[in-house]
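1. sequence first, predicted coordinates after that:
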Amino acid sequence: MPPEESNFTEIGYIVSCFSGVAKVHGIPHVFLHEVLLDDAGKEIGIVIGFDEKSVEVLLFDDDILLENPLYRSHRRFSIPISDGIVGRVIDGLGQPLDGETVLSGDKIPVFTSAPGIIDRQEVHEPITTGIKIIDATLPLGKGQRELIIGDRNLGKSTIALDTVLNQKNADPTVYCIYVLCGKKTRYMNHLVSTLKEYGAFLYTTVVAATSNSTFAEKYLSPFVGVTIGEYFRDRGKHALVVYDDLSEHAKCYRDVSLLLERAPGREAYPGDVFSLHASLLERAAKLSDDKGGGSLTALPIVETQEGDVTSFIPTNIISITDGQIYLERGLYQKGFIPAINVGLSVSRVGGKAQPPLLRQVTAGLRLVLSQQNELQKLTQLETVVSQESKKKIYRGELTLELLKQEKHQNVSWKEQVVLFYAVEEGMLDDLKEEQWVRFKGELLEILRNKYPHILEKIGDGVFDDGVKGKIKDIIEDFKKEILLKG
Ligand SMILES: Nc1ncnc2c1ncn2[C@@H]1O[C@H](COP(=O)(O)OP(=O)(O)OP(=O)(O)O)[C@@H](O)[C@H]1O
Ligand SMILES: [Mg+2]
């Protein structure tokens, strides 16, 4: 018996199927992204395209009996979303993976269009990562799309994860959605336990389609993630969605397209993979005040091979996003971690969104970093280096050391203001190299434990002579202590 809602009229039959990718005949009026049902009314697949003769379907389960008929639902693929989605771990179809109850709330279709230009406004509010090198030189704004790109195992996911952890004290709340697509189950478990350990599940949802998941789950997971983000964005709140990673998503779509015998294009990817990812990333936005002023920030991750950013998927996504954070193996091997190459990275809208005080004290930082390599070469070539150059090299080396950062050790932007102000004013010029690491670690502790009121003032935008003088005193005292102890 067909389910009631299918209207009895249109029945589909699977004519070919491999790994859950099926071609179906019948159901002539079915529409794109419509959900198909079995005769018990259970959702068993989604329409993802058409060719001249058949309907292209992704099945939700591998063990569906292929001879059974499929029925129309007249509904687009949707998932239930409510405030209760915070703290949950769900799969690519919106089903719980955390052993809790099924999701509740109004069902929202996951394929919708992005807000138009009239409904948007310029990105202008900061969203800080707690990662010094990013906040100082590549600041991000709410509503921005910033790509994290680099070879395997260079710390891409760690940057995204630390950005999520850094939202812990965000005011107003930034709701985070971490989408895993095609990653190992082991990594999912690690992610979930880290989020728990740092108390991040109070504002985070995980959508996980692992490498063992069906094509349907992998294909849908980023769209499920962005739809959850939109739920908050459209209610005047702020959301941050991480897509880890879109190379795997593209590969999944390539496999599906090849199984459907669609014409392969460059690197065997189907031509429309660009529009697939554009339609996903365009949904990131800072909405106009009329629309509630909410925002959705997107952090897609892409893996490169041998640092090659000119291959198909990286170039596509670079062109869709508002900038990229580029990680480099050479830096990682030198121990400069996070291994971000500032020269090759860019944030096209973030500058306007950087906290003004941080902007003030980091204005010369990119220049210092870009000159550093040249200056280092100079010391190797010439025996006599001018006093001026020596000072510059020292400052450059010191800055590089300060920008190194352990994972999950977030530094708030207010603390960064103190740190970079001290460098800029030359307060650290008399430290010895071996004292740098101790200095940066312990200074933060002192600030957090003894001088929270100074940080609070900076947070309120106060950076007058009083605050500056106090910073000088704190650092002079601390230096005396370090220098005394040796
Ligand atoms: N700032 C950091 N401090 C210390 N270790 C780090 C830091 N960033 C990354 N790592 C370590 O580097 C390794 C790779 O990190 P991560 O998994 O984030 O990289 P990835 O680029 O996402 O890798 P994959 O390609 O496997 O997805 C991990 O062992 C991680 O713990
Ligand atoms: Mg990763």
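-> Great, that's in hand. Ligands and ions are numbered 1, 2, ... in the order given.
2. so the closest residue to ligand 1 within the stretch 251-400 of the chain, which of the three states?
-> Minimum separation of the stretch 251-400 of the chain from ligand 1 (C-beta to the nearest ligand atom) falls at Ile337, amounting to 4.6 Å. Yep, even glycine has a C-beta here, placed from its N, CA and C like the rest. Of the three states, Ile337 takes coil under DSSP: H, G, I helix; E, B strand; the rest coil.
3. I figured it hits Asn153, correct?
-> No: counting by C-beta atoms under 8 Å, Ile337 stays clear of Asn153, with 11.6 Å between them.
4. circling back: count of neighbours near the residue of the stretch 251-400 of the chain closest to ligand 1?
-> Ile337 has 19 neighbouring residues, counting by other C-beta atoms under 10 Å.
5. do you know how far Ile134 is from ligand 1?
-> As judged by C-beta to the nearest ligand atom, to the nearest Å, Ile134 and ligand 1 stand 11 Å apart.
6. what's the helix or strand containing that residue packed up against?
-> Assigned by DSSP states H and E, Ile134 belongs to helix 132-137. With contacts defined as 3 or more C-beta pairs under 8 Å, 6 or more residues apart in numbering; DSSP states H and E, helix 132-137 has these neighbours: helix 365-381, helix 387-403, helix 413-424.
7. if we use 10 Å, what do you get?
-> helix 156-165, strand 323-326, strand 346-347, helix 356-361, helix 365-381, helix 387-403, helix 413-424 (3 or more C-beta pairs under 10 Å, 6 or more residues apart in numbering; DSSP states H and E).
8. so what's the gap between the shortest one and the chain middle?
-> The one in question is strand 346-347. Distance, stretch centre to chain centre, for strand 346-347: 14 Å (C-alpha atoms, centre = their mean, to the nearest Å).
9. now for that strand, which elements pack on it?
-> helix 132-137, strand 323-326.
10. please redo it, this time with the cut-off set to 7 Å
-> strand 323-326 (3 or more C-beta pairs under 7 Å, 6 or more residues apart in numbering; DSSP states H and E).
11. cool, the second one as well?
-> On a contact count with 3+ C-beta pairs under 7 Å, 6+ apart, strand 323-326 meets strand 147-150, strand 346-347.
12. of those strands, which shows the lowest average pLDDT?
-> Mean pLDDT values for these show the minimum at strand 346-347, a mean of 92.
13. in the worst-scoring helix or strand of the chain on mean pLDDT, what counts as buried?
-> Among the helices and strands of the chain, helix 365-381 carries the lowest confidence by mean pLDDT, DSSP states H and E, at a mean of 75. Of all the residues in helix 365-381, those buried under the rule 16 or more other C-beta atoms under 10 Å are Leu365, Val368, Leu369, Gln371, Gln372, Leu375.
14. can you pull the residues of this protein lying near ligand 1?
-> Counting by C-beta under 6 Å from any ligand atom, the chain comes close to ligand 1 at 152-158, 303, 337-338, 405-407.
15. put together JSON lines for those residues, with pLDDT on each row.
-> Formatted as JSON lines, the residues of the chain next to ligand 1 follow (pLDDT from 0 to 100):
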{"residue": "Arg152", "pLDDT": "96"}
{"residue": "Asn153", "pLDDT": "96"}
{"residue": "Leu154", "pLDDT": "96"}
{"residue": "Gly155", "pLDDT": "96"}
{"residue": "Lys156", "pLDDT": "97"}
{"residue": "Ser157", "pLDDT": "97"}
{"residue": "Thr158", "pLDDT": "97"}
{"residue": "Glu303", "pLDDT": "97"}
{"residue": "Ile337", "pLDDT": "93"}
{"residue": "Pro338", "pLDDT": "94"}
{"residue": "Gln405", "pLDDT": "95"}
{"residue": "Glu406", "pLDDT": "95"}
{"residue": "Lys407", "pLDDT": "96"}
